[in-house]
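1. Quick one, structure for this:
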Amino acid sequence: MSRPDLTARGHPRPAHAADQFLLLIDGTLAAGATRPGINPVVCARELAEQFVVTFQGLVLKGG
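-> Model (predicted):
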């Protein structure tokens with residue numbers, strides 16, 4: 001998710017959250033390129049789900 005997306009949805013720290021999400025994506029790409037025999041997509045998907053669930057919880061709780 002981008003900073004504008006997170007800001008528009010009321011995230012309390014959109015810049016920080018966007019950087020975390022980008023780090024997740026970059027790390028997944030790097031792991032896939034440098035570690036043969038692993039499937040980082042599965043782990044990244046689970047982390048991304050936690051990111052979204054946490055964000056939704058923040059929105060539902062009001063911040």
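
2. what stretches of this protein score poorly on pLDDT?
-> Across the chain, the ranges flagged by pLDDT under 70 are 58-63.

3. Where do the helices of it begin and end?
-> Assigned by DSSP state H, the helices in the chain fall at 3-8, 14-34, 40-61.

4. Could you find the closest non-adjacent residue to the residue nearest the centre of the chain?
-> For the chain, the residue sitting closest to the mean C-alpha position, by CA atoms, centre = their mean, is residue 21 at 3.2 Å. With sequence-adjacent residues excluded and distances taken as CB to CB, 6 or more residues apart in numbering, residue 21 is closest to residue 1, at 5.5 Å. C-beta coordinates here come from the backbone N, C-alpha and C atoms, glycine included.

5. What residues does the one you found make contact with?
-> Applying CB atoms under 8 Å, 6 or more residues apart in numbering, we find residue 1 in contact with 17, 18, 21, 55.

6. And those residues, which two are furthest apart?
-> Largest separation among those by CB to CB: 18 and 55, giving 11.0 Å.

7. isn't residue 41 right up against residue 29?
-> No: at 9.9 Å, residue 41 and residue 29 do not qualify as touching, with contact defined as CB atoms under 8 Å.
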